[in-house]
Every structure is written in structure tokens, then in C-alpha cells.
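K.L.:
using only what follows, build the 3D model:
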Amino acid sequence: MTSISPSEAPPAAVPHASQAGLAVMSVAALGIVFGDIGTSPLYTLKTVFAALGGDATPARILGVLSLVIWTLFLVTTIKYVIVAMSIDNDGEGGILALMSLLGVKQYKRPAIVAAGLLGAALIYGDGAITPAISVLSALEGLDIAAPTLKPYILPAAIVILILLFAVQPLGTSRIGAAFGPIMAFWFVSIGALGLWGIAQHPGVLAAINPRYGLELLFSNGPQGFLVLGGIFLCVTGAEALYADMGHFGPRPIRVTWSWIVFPSLVMNYAGQSAIALEGASTADNIFYRLCPAPLLIPLVVLATVATIIASQSIITGAFSMTRQAIQLGWLPRVRITQTSDKGYGQIYVGSVNWLLMIVTLGLTLFFGKSDNLAAAYGIAVSLTMLMTSVLLFIAMREIWHWNAVVSGLVAGLFLVVDAAFVAANSLKIAEGGYVPLVLAAIVFGIMQIWHRGSVAVAQSLSQAPVSVSEFLADLQARHVPRVPGTAVFLTRTGSGVPPVMIWHLQHNRALHERVLVLSAITEARPWVDAAERLSVTKEGDNFWRATARYGFMERPDIPHLLEEAQQKGCSLLLDDVTYYVGHESVVHREGGAPLPRWQEALFAAMARNASHVTDYFRLPDNRVVEIGRQVAI
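P.N.:
Next up is the predicted model:
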């Protein structure tokens, strides 16, 4: 690929956009970035008041609100919006991008890589729970508006979730434009409802004083600490702000958070707390108690749409993270479909979509209510945030070159807050918190086995390379015919004659007149400049070696790349190209096997079912020759 098209280019220029462009990007960010955290008022205070056992005294209500406000401020505003989003990997954010920057790009540090991968695996667990708890919480407003509809809440949630996953193959390019305005209306609505609640009991604003939150934590025994597990739900979407930075750049996200999302959330939480102080029941979903009765059904509809948008963001985020993990070599290749030419992020990963759907529907049916799901929600995200804080500390020292004291004070604050939330959420493991941990353990195990198996295959295939000059001299000495046309051999080797070419010669006893040996390397940065994309050297008569470099956010396009190779001096016949790729079948090696037998079997199964290399490199099916070989590991 000679260059990145405008639709695929990294958004480095976003922070310098015009005011009009900034406004458009900010509205778009509302629909993509803030769906998860923006719908958290539906279930956060309801879960917290349930943890208090119905004993919501005025002091406790003010304490809860104080903890929510300061959690939003410290975790989301300070840690993510200000600090984390200032540490990017060539414009990309998120724990995988940060892991790549620190654990691969800077040094070879397996502990940092493991922390980043575990954090990414935990996000998959969260991704299965978010749609279930969000949609259920929205629909449970029907129980207040029309109690007779209560039996239909769970079936309706199942139908909505099935439809949500079923439309994913269509892509979000058409409906994505509507996401921003809908979420803007959502935030305006919840902010207005919050102001209405505050007007009934303005004294609730005293909760901005952190003293109320600290008194709740330290004056109520174990119950005060348990409340943190529910409080944490108000920031469960904060990690998405950092992960989605590559789509919009930091400025639109910061502007939207500071001027729209954060004020709306604080007002709504304050409004819910205010009517609780006025005596409103906290036994059910107090979010809907804020709404005047005539507007309750419209609010349920709006909330349902908002949670669908939030769920959509989680699903597409899982697609993007899967592609990053594949590019970095931690997951097997799966079929990735580009659903729009308007943006690189518009992709569909069928295997991830249907697996997420199965797990999400299973969780919805198993837990049945958002109250029950709340116990399973939070532990995965809190652990991911804790690992992000550790990586941020390293980044402060090595990227920003802060001294140990300043880095320790800033990151230490994040670590203390995150550790408290992890500890509080860990007490919910037996009640359902084990679900995302089990899911994360499965994903993390798959990543580790795939990577170890890939390394074992590469080591097994490694051999003393045959020099090109010796190879060509041998061809001439044996009078091996050079047939018309161009052969492109894809290989991992960086020097000498690739094994796939030797296998080809052994089987066909002929070689094309023009030969290009091509290695595609994925680097630990999201984007590679067009000038650095391709390097070509001539190693013999009509024999060239090329190395193509791609970032982990880019998709290789080998036919397009050959056009640039031709411009760099390769006299290739582009209308007569045959691509040769090797296909390794994994078999067991007796004695000294690098993987346990069960891991080897799992790796072999993943390798058999991985997406074809033809799809990955965008090779034309009718011009690819695949040469098979057994590899013992």
C-alpha cells in the first residue's frame, strides 16, 4: 500500500481542526465515545442504594453523591482526559496501544506486555456484560410506568440484543451519523431532569464537599467500603475515552467531556440524590423517579436507544481491539470486513460478533435483572484501569521523563483509587464477578497460546539461509527453466532464499522470469508513513527483495504495494503476477516440544481455522498458489 487514503489516515490533525470541524467531531464523539459512561446513571445509584440495604439516610445520600462526583473527576477527568490522553502511540490510545509503546516499542519487556494483554482480555469480558446490563436497565423503566409490562422486560431485552448483533454485518456508517445527535439529546435530557431534581432540594449541592464521601467510607464499617463497588459503575466507560482517542484526537473528546458529558452526569446524579433526600423511594430505579409521569414512556424509549448506541460502541470497540491484537501477533487471523470506505474504523468481525452475542444473551437469561448483573459488572474494568495506572507510571518516567517523586505522587493517587475499587469489586466475585474474570482468562490464554505457538513455528522453520547468488547460480547450472511472468513469494525470512520458494522449485522444477521476495512487518506503532512503507533491493538478475512495513492499525494491501515496488525499480509484470504463500500444518514433535500437548492441539486448531492469508493481504484468489508443509513443534 503506497499511502494511507484520507479515510484511513491517522487523525493527527484533528486537534488543529477549525472550530466548525471541532464542533462536528465533538458531536460525533458523543455517539461513539460516551455511550457507556453516558448511560451509567440508569443503574449506578440504584445499585449503590441497594448495597446500603435500603437505609438511605440523608448523610449517606450526600456521601454517595460526593463519592460519585469525585470519582468522575479523579478517574475520568484527571486520569484519562488529562493524563492518559496526553500519552499516545502515534495518535492511538488504549491499553493495547500503551502496551505496544512501552513493552515493545521502547524495550522488550514481557511483564508489561502481559499486563497490557490481560487488560485487553478483561475488556472483552466487560464487552459481553455492557449490552446486557444497559438494555435491561433502560427497559426496567417500564416497570414504573406500567407494572403490568414487567413480565415482558426480559423477552424485550433479548429481542433488542439479538437485533443489535444481527445488524452488525451491515456496518454503522449509515446510522453512525445519527448517533451523535441522539446522544446529545440524551445528555441534555438527563441534565434537565437533574436540574429539576436539584430544584426540589438545592441542599444536595453540598455533596461537592469531599468530606461527605470520606465520612461514608470511614464511618459506616464494612458497608461503607462495599458501596465503592456500586460507585465504580459511574466510570465504567472511562477506559473507552482513551481507547477511542485515535478516532477523533484528544481535543474533541476533552471538549465534549468538559462542556457536555461531565456537567450532565453530575446534574443527573445530583438530581437523583435530591429526590432521594425529599423522600422518593430508592427501592427501584430512582433514575426514572426523576421523570414526570407523562414523559416516562418517551424517556424509556430514549434510554433504550441510548443503551443500544452504548452497546454498539462496545461491540465496535471489540472489533477494533481484535484487529490490533491480530496485527501485533497475539490472536489468529480472522476474517475482517471493511463495511465502509469512509473510515478505517468501520469494520465487522463476524466471529467476534457472534461469540459476543452468545455470551451476552446467556448472561441476560442467566441473571435476568440488571440488579443481578451489577455484581458481575465492574471487576473487569477496575482491573483494566489498575493496569493502565501501572503503565502510566512507567510512561511518566520514560516518555515524559518525570522524576520518581512526581511520577509516584501522580500515579500513586491513581493506583490507590483503582486498588480501592478493585478490592471493593473483588468482594462481588462469588455473586457474579467471576463471569468477566473467566471470560478474560479464556481470552488471555488464547492470546498466550497463539503467540507461543507462532514463535515455535517460526523457530522450527528457521534454517541456515541459502544465499540468492548461490541459488541463482545453481538454477543456471541445473538449467532450471525461467518461465514468463512474475512470482511474488510472501515470507517471514529477512535474508536469503525463502523456504516457500525452495518448496516451489522442488515441486514444479521451474521458476518465473521475474521474482519478488516480500516480507510484511507489523510494527509496534499504529501507522507507518508512506515514505517508510516499502524498501526494495535488487539481489540478482530480475530478482528483488522488498520489505513492507505496516502499523498495527493498518491493513496490508499487497497488490497495491506492487505498484509502488514497480515505481522503485522492480520491472514486474503486474498483469501476470502469481502469489506464492506457505501453509504450515502443525504436527507434534517428539521430545523437547516447546508447548504442552494440550496447548499444541489448541494452537493447531486455531491455525487450521485462521483466516486465509489471501484475505489478510487482499490477494486475488485466482492468482494465489498455496504450498503446504508439515511443521513439527
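K.L.:
A helix includes Lys538, no?
P.N.:
No - counting by DSSP: H, G, I helix; E, B strand; the rest coil, Lys538 is not found in a helix; it is strand.
K.L.:
distance-wise, check it relative to Gly496.
P.N.:
15 Å (C-beta to C-beta, to the nearest Å). For every residue, glycine as well, the C-beta is placed using N, CA and C.
K.L.:
which of these two has more neighbours?
P.N.:
Gly496 (20 against 13; other C-beta atoms under 10 Å).
K.L.:
quick check, central residue of this structure?
P.N.:
When C-alpha atoms, centre = their mean is applied to the chain, the residue found nearest the centroid is Met321 (3.6 Å).
K.L.:
got a list of what it touches?
P.N.:
With contacts defined as C-beta atoms under 8 Å, 6 or more residues apart in numbering, Met321 is in contact with Gly94, Leu96, Ala120, Ile123, Tyr124, Ala243.
K.L.:
now, among these, which is nearest to Arg618?
P.N.:
For the contacts of Met321, the residue nearest Arg618 by C-beta to C-beta is Leu96; the value is 23.4 Å.
K.L.:
so who does the nearest residue to Ala510 once chain neighbours are set aside touch?
P.N.:
The shortest distance from Ala510 to any non-neighbouring residue, by C-beta to C-beta, 6 or more residues apart in numbering, is to Pro481 (4.8 Å). By C-beta under 8 Å, 6+ apart, the residues touching Pro481 are Arg509, Ala510, Leu511.
K.L.:
and Pro481, its phi and psi?
P.N.:
Dihedral pair for Pro481: phi -70, psi 140, per degrees, to the nearest 10.
K.L.:
where are the low-confidence patches of the stretch 451-600 of the chain?
P.N.:
461-464, 591-593 (pLDDT under 70).
K.L.:
go through the contacts of Met321 and flag which are in strands.
P.N.:
Among these, no member is found in strands (DSSP state E).
K.L.:
the nearest residue to Leu149 once chain neighbours are set aside: which element?
P.N.:
Nearest residue to Leu149, sequence neighbours excluded (C-beta to C-beta, 6+ apart): Leu142, at 4.4 Å. For Leu142, the element it lies in under DSSP states H and E is helix 141-145.
K.L.:
pull out the buried residues from the helix or strand following that helix.
P.N.:
Following helix 141-145 in sequence order, the next helix or strand is helix 153-166 (DSSP H and E). Across helix 153-166, burial judged by 16 or more other C-beta atoms under 10 Å covers Ile153, Leu154, Ala157, Ile158, Ile160, Leu161, Leu164, Phe165.
K.L.:
now for helix 153-166, which elements pack on it?
P.N.:
helix 110-139, helix 296-327, helix 350-367 (3 or more C-beta pairs under 8 Å, 6 or more residues apart in numbering; DSSP states H and E).
K.L.:
the last one to helix 296-327, inter-axis angle?
P.N.:
Regarding helix 350-367 and helix 296-327, their directions subtend 130 degrees when assessed with axes from the mean of the first three to the mean of the last three C-alpha atoms, to 10 degrees.
K.L.:
what are the buried residues along helix 350-367?
P.N.:
Within helix 350-367, the residues scored as buried using 16+ other C-beta under 10 Å are Val352, Asn353, Leu356, Met357, Val359, Thr360, Leu361, Leu363, Thr364, Phe367.
K.L.:
now do the longest one
P.N.:
Of the residues in helix 296-327, those scored as buried under the neighbour-count criterion (16+ other C-beta under 10 Å) are 296, 299-300, 302-327.
K.L.:
buried residues, stretch 447-460. List them.
P.N.:
Buried residues in stretch 447-460 (16+ other C-beta under 10 Å): Met447, Gln448, Ile449, Trp450, His451, Arg452, Gly453, Ser454, Ala456, Val457.
K.L.:
what's in contact with stretch 394-404?
P.N.:
With contact meaning C-beta under 8 Å, 6+ apart, stretch 394-404 is reached by Ile87, Leu98, Leu101, Leu102, Gln106, Ile112, Val406, Ser407, Val410, Ala411.
K.L.:
could you redo the last one with a cut-off of 6 Å?
P.N.:
Residues from elsewhere that reach stretch 394-404, judged by C-beta atoms under 6 Å, 6 or more residues apart in numbering: Ile87, Leu102, Ser407.
K.L.:
next: stretch 355-368.
P.N.:
Ala128, Pro131, Ala132, Ala157, Leu161, Phe165, Leu373.
K.L.:
hmm, Leu136 and the fourth one touching each other?
P.N.:
Yes - counting by C-beta atoms under 6 Å, Ala157 touches Leu136, with 5.1 Å between them.
K.L.:
which parts of the stretch 501-633 of the chain are strands?
P.N.:
Remark: strands assigned in the stretch 501-633 of the chain by DSSP state E, counting those that start in this stretch are 511-522, 534-540, 543-550, 577-587, 624-632.
K.L.:
okay, the angle between the first one and strand 577-587?
P.N.:
What it means is strand 511-522. Using the same axes, to 10 degrees: strand 511-522 against strand 577-587 is 60 degrees.
K.L.:
put the alpha carbons of strand 511-522 into CSV.
P.N.:
Provided in CSV are the C-alpha atoms of strand 511-522 (Å, rounded to 0.1, in the frame of the first residue of the first chain):
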residue,chain,number,x,y,z
LEU,A,511,10.9,-20.5,-11.7
HIS,A,512,9.3,-17.4,-13.1
GLU,A,513,11.3,-14.9,-15.1
ARG,A,514,10.8,-12.2,-12.5
VAL,A,515,10.8,-12.8,-8.8
LEU,A,516,10.0,-10.6,-5.8
VAL,A,517,10.5,-11.9,-2.3
LEU,A,518,8.2,-9.9,0.0
SER,A,519,8.2,-9.6,3.8
ALA,A,520,5.4,-7.7,5.6
ILE,A,521,6.3,-6.5,9.0
THR,A,522,3.8,-5.1,11.6
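K.L.:
strands paired with that strand, and their directions?
P.N.:
Paired strands of strand 511-522, with direction, are strand 482-490 (parallel), strand 543-550 (parallel) (DSSP bridges).
K.L.:
tell me the phi and psi of Gly93?
P.N.:
phi -120, psi -170.
K.L.:
what's around it, how many residues?
P.N.:
Using other C-beta under 10 Å, Gly93 is surrounded by 28 other residues.
K.L.:
what about it, distance to His583?
P.N.:
36 Å.
K.L.:
over to Pro298?
P.N.:
Applying C-beta to C-beta to Pro298 and His583 gives a distance of 57 Å.
K.L.:
and Asp615, by the same measure?
P.N.:
For Asp615 relative to His583 (C-beta to C-beta), the value is 14 Å.
K.L.:
over to Asp557?
P.N.:
Applying C-beta to C-beta, the value for Asp557 to His583 is 21 Å.
K.L.:
perfect, that will be all.
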